[in-house]
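Visitor: Sequence first, predicted coordinates after that:
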Amino acid sequence: APAAVGYHKKVVDHYENPRNVGSLDRNAKNVGTGLVGAPACGDVMKLQVEVDENGKIVDARFKTFGCGSAIASSSLATEWVKGKTVDEALKIKNTDIAKELCLPPVKLHCSMLAEDAIKAALADYKLKQDPNKESEKKA
């Protein structure tokens with residue numbers, strides 16, 4: 001497809017065969033939901049993680065409205081967080097996502113959005129585990 005011109009094959013692969021599309025139960029205590037957007041480009045990314053009682057991420061889902069790079073970034077992010085602990089997932093950097101997908105500089109905001117979405121989902125999860133931590137969250 002001509003629309004895919006200029007996209008790396010890994011981006012096209014995730015765009016055409018996105019992993020983990022869908023939603024988890026946002027009301028479940030062990031599900032964290034992150035919703036982030038970049039008004040500048042109109043991309044909106046929802047990323048959810050499901051964490052088991054050992055603090056391991058057992059499932060992840062995403063819904064992204066945006067360009068191929070945004071969809072690929074969030075698809076890759078869900079693949080990468082699965083099987084990791086919450087703390088390990090927090091170490092995922094947008095630079096790693098960008099490198100894996102060979103994103104051009106003009107699309108780096110897509111990988112940053114994915115990193116933000118992971119962090120937002122994990123913050124939401126942590127908040128649900130201990131609602132009294134709200135005051136300490138901005139450490």
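Guide: Here it is on my side, so go on. Residues are numbered from 1 along each chain as shown.
Visitor: Show the end-to-end separation of stretch 86-96, please.
Guide: By Cα to Cα, to the nearest Å, the extent of stretch 86-96 from end to end equals 17 Å.
Visitor: Could you do stretch 47-57 as well?
Guide: 13 Å.
Visitor: same deal with stretch 92-107?
Guide: Distance between the two ends of stretch 92-107: 18 Å, counting by Cα to Cα.
Visitor: So in this structure, which helix runs the longest?
Guide: helix 108-129 (DSSP state H).
Visitor: helices and strands around that helix, which ones?
Guide: Judged by 3 or more Cβ pairs under 8 Å, 6 or more residues apart in numbering; DSSP states H and E, helix 108-129 is in contact with strand 31-38, strand 43-51, helix 68-81, helix 86-89, helix 94-101. For glycine as for every other residue, the C-beta is placed from the backbone atoms N, C-alpha and C.
Visitor: Can you tell me the closest non-neighbouring residue to V51?
Guide: Nearest non-adjacent residue to V51, counting by Cβ to Cβ, 6 or more residues apart in numbering: N30, 5.1 Å away.
Visitor: Could you report the separation of that neighbour from A98?
Guide: Relative to A98, N30 is positioned 30 Å away (Cβ to Cβ, to the nearest Å).
Visitor: more crowded one of these two?
Guide: A98 (23 against 17; other Cβ atoms under 10 Å).
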